[in-house]
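In: got a sequence here, can you build the structure:
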Amino acid sequence: MSLLNPINIPLSLYIHMPWCVRKCPYCDFNSHAVPDGQLSMDLEQQYLTALVADFETQVEMAQGRLIHSVFIGGGTPSLISAQGYQWLFDQLKARLSFSDDCEITLEANPGTVEHDSFADYLSVGINRLSIGVQSFDTEHLQRLGRIHSAHNAMDAIQQARQAGFERVNVDLMHGLPSQTVEQALTDLKLAVEHGATHISWYQLTIEPNTVFFRTQPALPQDEILEQIQELGEAYLIANGFINYEVSAWRKAKPSAHNLNYWQFGDYLAIGAGAHGKVTRPDGVYRFQKTRLPKDYLAKVPAEHLQMKRIEADELPFEFMMNALRLNEGVAAELYQQRTGLDLNHLQMPLSKLRQKKLLLDDTSKIACTEQGHIFLNSVLESFL
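Out: Now for the predicted structure:
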């Protein structure tokens with residue numbers, strides 16, 4: 001393994017806001033219900049102050065790099081006030097510079113409990129929204145435990161565009177309990193018609209440690225799921241959307257932050273349960289923070305960090321697991337730049353996959369064929 005040069009690797013920042021109004025039955029994210037559905041100003045400021053202290057322990061990991069993208073996830077990050085984000089950004093930028101074109105994404109729910117207007121969030125520097133719609137069908141929303149209505153969802157997308165947001169992602173799930181093909185397609189059509197510029201469209205999966213795992217709902221049969229996938233993809237393509245990643249569709253710009261993940265870039269991470277990845281000359285490291293907000297707030301920042309070096313024999317799978325999600329794949333040279341490993345050592349699995357027509361027969365890039373994307377898990381097993 002050769003020495004790595006982190007200066008050539010893009011750097012992002014993930015910020016986790018752990019609270020939400022109500023925990024959804026399908027959700028396995030690190031989210032925790034807020035009493036009365038609203039954060040007190042005291043708790044908000046306490047948490048924001050802890051984020052800054054957390055960030056200070058990671059500044060040296062930047063190794064002179066700028067922050068090129070920020071993603072604020074949760075939970076429901078829009079429970080935090082725009083004024084709070086302004087204070088937070090000022091504090092972070094005083095410690096590490098953001099690039100001039102830094103993409104800052106805020107996850108927001110289309111319920112009626114949002115803290116501030118979309119225009120307020122735009123005014124403090126947030127320039128991309130990701131709205132957690134999941135469905136425009138009121139019955140499905142109720143089954144998913146969502147607190148918003150179909151009208152709230154449509155209104156939220158329109159309000160975001162009217163406020164001046166040029167980049168609006170809409171999260172949609174398909175394969176919902178008792179969902180028909182027509183209902184799934186209607187969800188896509190409403191997202192497009194109301195102004196989504198990017199759609200994250202993924203199938204509902206039942207995860208451990210969720211209400212749905214303990215009491216599993218009746219999900220659509222495989223043939224219905226296949227029809228939804230086929231007809232949904234055809235609809236999005238016909239409406240000018242490009243499927244650039246397994247579950248991501250863009251009409252204009254892709255998500256710069258998520259691209260950095262998939263291209264095996266680096267990202268700092270602050271907040272309860274946040275996960276980060278950084279490259280040092282001697283290797284690639286992952287780290288995570290303590291999950292519970294009360295524990296996060298109780299610990300000094302240094303105690304949050306649990307660093308783990310990714311071993312050389314794990315790096316091929318780690319890299320491919322991200323890079324092969326992209327339909328275009330990545331330049332072959334990126335492998336050595338991001339892992340410190342020689343791509344020639346993977347010639348045997350790469351050649352076999354190309355012979356099976358699961359990878360493109362192009363040595364300048366690493367990318368799945370259409371067939372390879374269908375059997376992506378099998379492709380990835382070749383790098384274990």
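In: what about the helices in the stretch 251-384 of the chain?
Out: Taking DSSP state H, counting those that start in this stretch as the test, the helices found in the stretch 251-384 of the chain are 256-262, 293-298, 315-323, 333-339, 347-355, 370-374, 376-381.
In: mind giving me the domain ranges of the protein?
Out: Following the TED database, one finds the domains of the chain at 4-258, 312-383.
In: tabulate those domains (CSV), appending distance to H275, mean pLDDT and mean neighbour count.
Out: No exception for glycine: its C-beta is placed from N, CA and C like everyone else's. Listed next are the domains of the chain as CSV, based on distance: least, CB to CB, whole Å; pLDDT from 0 to 100; neighbours: other CB atoms under 10 Å:
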stretch, distance to H275, mean pLDDT, mean neighbour count
domain 4-258, 7, 90, 18
domain 312-383, 13, 97, 16
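In: coming back round to it: want to throw the helices of the stretch 251-384 of the chain into CSV with distance to G64?
Out: Below are the helices of the stretch 251-384 of the chain laid out as CSV (distance: least, CB to CB, whole Å):
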stretch, distance to G64
helix 256-262, 17
helix 293-298, 28
helix 315-323, 24
helix 333-339, 17
helix 347-355, 34
helix 370-374, 37
helix 376-381, 33
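In: nearest to P281, of those?
Out: For the helices of the stretch 251-384 of the chain, proximity to P281 was assessed by CB to CB; helix 333-339 is nearest, at 13.0 Å.
In: just checking, what packs against that closest one?
Out: Applying 3 or more CB pairs under 8 Å, 6 or more residues apart in numbering; DSSP states H and E, we find helix 333-339 packed against helix 315-323.
In: what does the helix it packs on contact?
Out: With contact meaning CB atoms under 8 Å, 6 or more residues apart in numbering, helix 315-323 is reached by 261-264, 284, 310, 329-330, 334-335, 338-341, 346, 366, 379-380, 383-384.
In: list the contacts for the spatially most central residue of the chain?
Out: Centroid-nearest residue in the chain: N258, 5.9 Å away (criterion: CA atoms, centre = their mean). Residues in contact with N258 (CB under 8 Å, 6+ apart) are F71, E245, A248.
In: state the distance from it to D361.
Out: Distance from N258 to D361, counting by CB to CB, to the nearest Å: 27 Å.
In: partners of E245 in the sheet?
Out: In this entry, E245 is beta-bridged to A248, L326, by DSSP bridges.
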